[in-house]
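structure for the following, please:
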Amino acid sequence: MSLKSITVLVLLLIAAMGPAIAQESDSAKTTTTSVDSTESKKEAIFSIIFGRYPKSRKSIYRTNGGEGALLSFAQVKDNGAHVPMVPRFTFFFNVGTNVNKDFGRNFGIFSGLNIKNIGIITKPTDDLKLKQRVYTLGVPLGFKVGDVHRGTWFFFAGAECDLAFNYKEKRFENGDKVDKFNEWFSDRTPLLMPSVFAGMRFAPGFGLKVQYYPQNFFNQDFTVKDKLTGLNVKPYEHLDAKLFFVTMSYSFNTHLYKKAHKKSNYVRFKSGNAKMEIEY
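Sure thing, here's the model as predicted:
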């Protein structure tokens with residue numbers, strides 16, 4: 001038999017013996033000297049409670065996960081004219097980690113580092129399609145409101161600043177890929193890309209977040225030499241693209257969250273005004 005089982009059995013025996021001890025004590029009093037009738041009668045009361053006893057929470061704790069499945073949209077205009085776009089879905093490569101600080105059961109703040117694959121797909125003409133994306137390293141700063149103590153559900157919102165470190169562009173004509181290139185820390189997009197976000201998290205780990213980038217996705221001042229004419233051109237001079245995306249998860253990992261708010265089993269019993277709790 002385990003130590004935990006022995007402890008529980010001993011406490012149960014104590015509880016069972018409580019009424020008998022109290023009765024014997026009352027009988028002994030009647031055979032001795034009389035007691036003032038105005039004196040209140042004392043009883044030994046035992047109770048045993050089994051439950052979950054919360055340990056003190058860590059002041060700062062880490063969660064990880066990432067954006068997960070990410071669906072991007074954009075409002076794209078060329079010289080003020082609307083450019084047709086195609087929703088862009090990506091699952092790779094979106095990872096991250098957050099640092100959390102809770103102020104009570106219903107409010108907390110967080111920050112961290114997130115790597116995201118964001119971009120747009122446009123169709124300027126019927127026979128031309130462009131895929132343009134960047135990998136970014138983002139630093140969010142947000143708050144959480146709801147059941148943040150257990151992590152079962154809460155609303156979150158905040159702002160984030162992304163550093164664009166890799167740009168890729170693909171060109172398709174009549175369905176065939178005719179060009180592709182990749183650049184590190186390219187000037188084709190802004191180096192820093194601010195955004196705002198909001199979302200909800202539900203147990204057991206499902207989340208939904210919307211993030212919006214108010215800045216133009218393209219750098220309109222970017223200049224490159226044309227391969228055919230040899231002249232300097234600005235390919236994005238008249239383009240204005242505002243990106244937003246929806247992700248089906250967010251970097252609040254359920255397992256690590258519960259670990260940070262670890263609880264242990266306990267047995268508590270009381271005799272009169274005396275109380276005792278035993279954790280196991």
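
any idea how far the closest residue to Ala74 other than its chain neighbours lies from Gly207?
Using C-beta to C-beta, 6 or more residues apart in numbering and skipping residues adjacent in sequence, the residue nearest Ala74 is Ile120, 4.2 Å away. From N, CA and C alone the C-beta is placed, and that goes for glycine too. In this view, Ile120 and Gly207 are 24 Å apart by C-beta to C-beta, to the nearest Å.

more neighbours, these two?
Counted by other C-beta atoms under 10 Å, Ile120 and Gly207 do not tie: Ile120 has more neighbours, with 24 against 21.

could you give the mean pLDDT of stretch 177-188?
Here stretch 177-188 scores 95 as its mean pLDDT.

where are the low-confidence patches of the stretch 151-280 of the chain?
204-205, 249-280 (pLDDT under 70).

now do 90
Counting by pLDDT under 90, the ranges of the stretch 151-280 of the chain that qualify are 151-153, 201-208, 226-230, 247-280.

now the strands for it?
Counting by DSSP state E, counting those that start in this stretch, one finds strands in the stretch 151-280 of the chain at the ranges 153-173, 176-184, 192-202, 206-213, 224-225, 232-233, 239-247, 263-271, 274-279.

make CSV out of these and add distance to Pro124.
CSV is the format used below for those (distance: least, C-beta to C-beta, whole Å):
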stretch, distance to Pro124
strand 153-173, 11
strand 176-184, 14
strand 192-202, 23
strand 206-213, 21
strand 224-225, 18
strand 232-233, 16
strand 239-247, 10
strand 263-271, 57
strand 274-279, 67
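
nearest to Asp78 among those would be which one?
strand 239-247 (5.7 Å; C-beta to C-beta).

could you check the angle that closest one makes with strand 192-202?
Put simply, strand 239-247 runs at 30 degrees to strand 192-202, going by axes from the mean of the first three to the mean of the last three C-alpha atoms, to 10 degrees.
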